[in-house]
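Trainee: Curious how this folds, go ahead:
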Amino acid sequence: MGRFARNMMARASGGSVAVSRLWPGRTDRLIIAPHDLRTADATRAAEIYAGRFVFAGKIVTCHGRSIFDLEPPSEDWEVALLGFGWLRHLRAADTALTRANARSLVDDWISNQGHKRPISRRADVAARRVISLLSQAPLVLGDTDGKFYRRYLRGLTREIRYMRYTMLDIPDGVPRLQVLIALCYASLCLANQARHIRSAARKLSDELQRQILPDGGHISRNPGALIELLIDLLPLRQTFAARNIAPPPALLNAIDRMMPMLRFFRHGDGSFAMFNGMSSAPSDLLATLLAYDDAHGAPMAHMPHTGFQRLDAGATTIIMDTGAPPPPNLSHDAHAGCLSFELSSGPSRIVINCGMPATGRDNWRSFARGTPAHSTLTYHETSSCHFVELSAVKRMLRGAPIVGGPTVVESYREVIDNGVLLTTSHDGYLDKFGVVHRRVLMLAHDGARVDGEDSLTPAPGGRIKGTNTDYALRFHLHPSVKASRLSDARGVMLVLPNRDVWTFEALDDKVELEDSVFLAGNDGPRRTAQIVIRQDSRQASSIRWSFTRSTASPSATTAKRNARREPELPL
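Mentor: Residues are numbered from 1 along each chain as shown. The predicted model follows:
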């Protein structure tokens, strides 16, 4: 084994694995394997060995045929298969059988060009596959011969070359960053890549500075983008260190800015607020990422560049969208949820947005992106953003970006005697209907009460346009909340899983309980309820409402007992 290879082995740290020791005499090619932070399940290795591939809620059984020759049951399933992330489950089992199984499957893919499908060339899928093949190299190359090793490297090099020369056709946003991250990994993990290391690091730095905003949010305004990127950026930082190469300052700065945003979007139960395409986030993945957070401080209150506000008092949290939609080229997953908010009390979520399902998104995409799927005001059942609707245009643009929506979104917060006051507005309905939506929230200092008012006002010197002047105010409830309408039809009693009782009341309006759907459940869409108040802007231009926690709630009793407890004398 050469001196260079031995040095690389000695420098491998932070979870990265030196691969050069696997190949005496060929230590100049594949040097190091980056760490994979994604959770592995060794029990799934047996399923894969038996020819059962379970991805995205679908099962495909090989019956002796190549899994890559079979018709995929869904696009989500095919993306999971061709991203090769499932190799980590085989590595977790760590037996001779699973290692042989991994080599066989990888060899099947690399050797047979007839397997290649259009989805396999999609930027994010190709990037995920390269990262998986690099990070799981110890599994695949551990017990094999030189012939397979050379074939593996040729196949890997072919994948990397494809990504390197198709950069112009990569969609903007997270996919572009994923490709640049994969190219950085490739240049670090393969020997004799000094020129590519500098080039890849420079391109990644430029893209991180463009896509990661000064407050740490992603330019798409999707909280889920932070998780997708950090799960690869953190090991990339370790891989630079393992190669004894200083990580680019832009990479370190981006990670330092993004980590606090994880806390910003978290509710008391550990889940993420659902804005702009966010679905359920695996709790184990979040826990892994948060273990890298050195600050461990309270979340920031305001993210001005990404456009969100957070109010915390006692055990109560409000997270609110107070930003304009992202640029059209980055808005394919963005929602028309301006001024929507989510409310939680301790470990219980109360008010939510419908979110997006983790799989089968196309079936729900149109509904989930619309304003009625968010806890905010909807004018004449019309979204505050306008999406591309023509099928031909959507095919050309590879989706339905936002082409119109709020341009002026204002938010102002202040501490007053009774609590924290947040005053917001957006002009998404101004051009078509001549009205501005204004929402005022106040969270009491003890977190036991939320007061709000939603109003519609014409622009200065303007008037309400047209005859369609109806609007609806919606508060979607989490499925764990049991809701029952009060006898006076002016309120709703809400019982939370921890037996806390909250009451929603509208001072002057009739309240309805209607069906809704929680799309971001771990087990798929779930039925839930929504509080709805309907009005006409010419007859009643504003609605006042409140959420109040009952003083008999267990958490309220505990808070009172703690407040009465006398402080202990210092010894």
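Trainee: contacts and neighbour counts: CA atoms only from here.
Mentor: Noted.
Trainee: where does the stretch 251-400 of the chain have low pLDDT?
Mentor: Where the stretch 251-400 of the chain drops to pLDDT under 70, the residues are 295-298, 390-398.
Trainee: do that again at 80, thanks
Mentor: Where the stretch 251-400 of the chain drops to pLDDT under 80, the residues are 281-284, 294-299, 358-362, 389-399.
Trainee: before we move on, what about the stretch 1-150 of the chain?
Mentor: For the stretch 1-150 of the chain, the ranges with pLDDT under 80 are 1-29, 112-116, 143-145.
Trainee: 70 - rerun?
Mentor: Low-confidence regions of the stretch 1-150 of the chain, defined here as pLDDT under 70, cover residues 1-28, 113-115.
Trainee: Going along the chain, name the helices of the stretch 51-200 of the chain.
Mentor: Under the criterion DSSP state H, counting those that start in this stretch, the stretch 51-200 of the chain contains helices at 75-83, 87-93, 96-111, 123-135, 137-141, 146-164, 174-189, 194-211.
Trainee: Same question for the stretch 301-450 of the chain.
Mentor: Counting by DSSP H, counting those that start in this stretch, the stretch 301-450 of the chain has helices at residues 361-369, 391-397, 430-433.
Trainee: can you tell me which of the helices of the stretch 51-200 of the chain comes nearest to residue 359?
Mentor: Proximity to residue 359, assessed across the helices of the stretch 51-200 of the chain by CA to CA, is greatest for helix 75-83 (6.3 Å).
Trainee: buried stuff in the closest one?
Mentor: Going by neighbour count (16 or more other CA atoms under 10 Å), the buried part of helix 75-83 is 76-83.
Trainee: hang on, the earlier thing: can you redo the helices of the stretch 51-200 of the chain as TSV with distance to residue 50?
Mentor: Below are the helices of the stretch 51-200 of the chain laid out as TSV (distance: least, CA to CA, whole Å):
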stretch	distance to residue 50
helix 75-83	16
helix 87-93	12
helix 96-111	10
helix 123-135	21
helix 137-141	18
helix 146-164	23
helix 174-189	31
helix 194-211	40
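Trainee: Tell me which of these approaches residue 33 most closely.
Mentor: helix 123-135 (4.7 Å).
Trainee: Just want the angle from that closest one to helix 75-83.
Mentor: 40 degrees (axes from the mean of the first three to the mean of the last three CA atoms, to 10 degrees).
Trainee: Show residues contacting helix 123-135.
Mentor: 33-36, 79, 82-85, 87, 119-120, 156, 159-160, 163, 170-171, 175-176, 178-179, 181-182, 185-186, 189 (CA atoms under 8 Å, 6 or more residues apart in numbering).
Trainee: Could you single out the nearest of the buried residues of helix 75-83 to residue 491?
Mentor: Nearest member of the buried residues of helix 75-83 to residue 491, counting by CA to CA, is residue 76, at 41.6 Å.
Trainee: Quick check, the closest one in contact with residue 359.
Mentor: Yes. The pair residue 76 / residue 359 is scored as a contact, 6.3 Å apart, by CA atoms under 8 Å.
Trainee: can you list residues touching both of those two?
Mentor: residue 56.
Trainee: Return the residues in contact with the residue minimising distance to the centre of the chain.
Mentor: Residue closest to the mean C-alpha point of the chain, counted by CA atoms, centre = their mean, is residue 224 at 1.0 Å. Applying CA under 8 Å, 6+ apart, we find residue 224 in contact with 277-279, 281.
Trainee: Can you tell me which of those is closest to residue 108?
Mentor: Looking across the contacts of residue 224 and measuring by CA to CA, the closest to residue 108 is residue 281, at 32.3 Å.
Trainee: List the residues that contact the closest one.
Mentor: 224, 271-272.
Trainee: cool, and residue 379?
Mentor: Contacts of residue 379 by CA under 8 Å, 6+ apart are 429, 469-472.
Trainee: let's see it at 6 Å
Mentor: Counting by CA atoms under 6 Å, 6 or more residues apart in numbering, residue 379 touches residue 471.
Trainee: For it, give its distance to residue 540.
Mentor: 13 Å (CA to CA, to the nearest Å).
Trainee: before we move on, the earlier item: could you confirm the residue nearest to the centre of the chain falls within a helix?
Mentor: Yes. Under DSSP: H, G, I helix; E, B strand; the rest coil, residue 224 sits within a helix.
Trainee: Compute the distance between the nearest residue to residue 542 once chain neighbours are set aside and residue 169, please.
Mentor: With CA to CA, 6 or more residues apart in numbering as the criterion, residue 542 has its nearest non-adjacent residue at 3.9 Å, and that residue is residue 455. Distance, residue 455 to residue 169, by CA to CA: 45 Å.
Trainee: The stretch 451-571 of the chain: strands as residue ranges?
Mentor: 470-477, 482-485, 491-495, 501-506, 512-518, 526-536, 542-549 (DSSP state E, counting those that start in this stretch).
Trainee: Show me the one of the ones you listed that comes nearest residue 438.
Mentor: Of all the strands of the stretch 451-571 of the chain, strand 542-549 sits nearest to residue 438, with 9.1 Å by CA to CA.
Trainee: Output the contacting helices and strands for that closest one.
Mentor: With contacts taken as 3 or more CA pairs under 6 Å, 6 or more residues apart in numbering; DSSP states H and E, strand 542-549 sits against strand 449-458, strand 501-506.
Trainee: name the helices or strands packed onto the first one?
Mentor: Which is strand 449-458. Applying 3+ CA pairs under 6 Å, 6+ apart, we find strand 449-458 packed against strand 435-444, strand 542-549.
Trainee: Taking strand 526-536 as reference, get the angle to it.
Mentor: Using the same axes, to 10 degrees: strand 449-458 against strand 526-536 is 50 degrees.
Trainee: Show me how far strand 449-458 is from its chain's centre.
Mentor: Its chain's C-alpha centre and that of strand 449-458 lie 29 Å apart, by CA atoms, centre = their mean, to the nearest Å.
Trainee: ditto for the shortest one
Mentor: With CA atoms, centre = their mean as the basis, the distance from the averaged C-alpha position of strand 501-506 to the chain average is 30 Å.
Trainee: neighbouring contacts of it?
Mentor: For strand 501-506, with CA under 6 Å, 6+ apart as the criterion, the contacting residues are 490-495, 544-550, 553.
Trainee: Same list as before, the contacts of residue 224 that is, but in JSON lines and with distance to residue 304 and secondary structure included.
Mentor: Shown next, in JSON lines, are the contacts of residue 224 (distance: CA to CA, whole Å; DSSP: H, G, I helix; E, B strand; the rest coil):
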{"residue": "277", "distance to residue 304": "20", "secondary structure": "coil"}
{"residue": "278", "distance to residue 304": "19", "secondary structure": "coil"}
{"residue": "279", "distance to residue 304": "23", "secondary structure": "coil"}
{"residue": "281", "distance to residue 304": "24", "secondary structure": "coil"}
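Trainee: Closest one of those to residue 193?
Mentor: Using CA to CA, residue 281 is the member of those that sits closest to residue 193, with 35.5 Å.
Trainee: low pLDDT regions in the stretch 451-571 of the chain?
Mentor: 553, 555-571.
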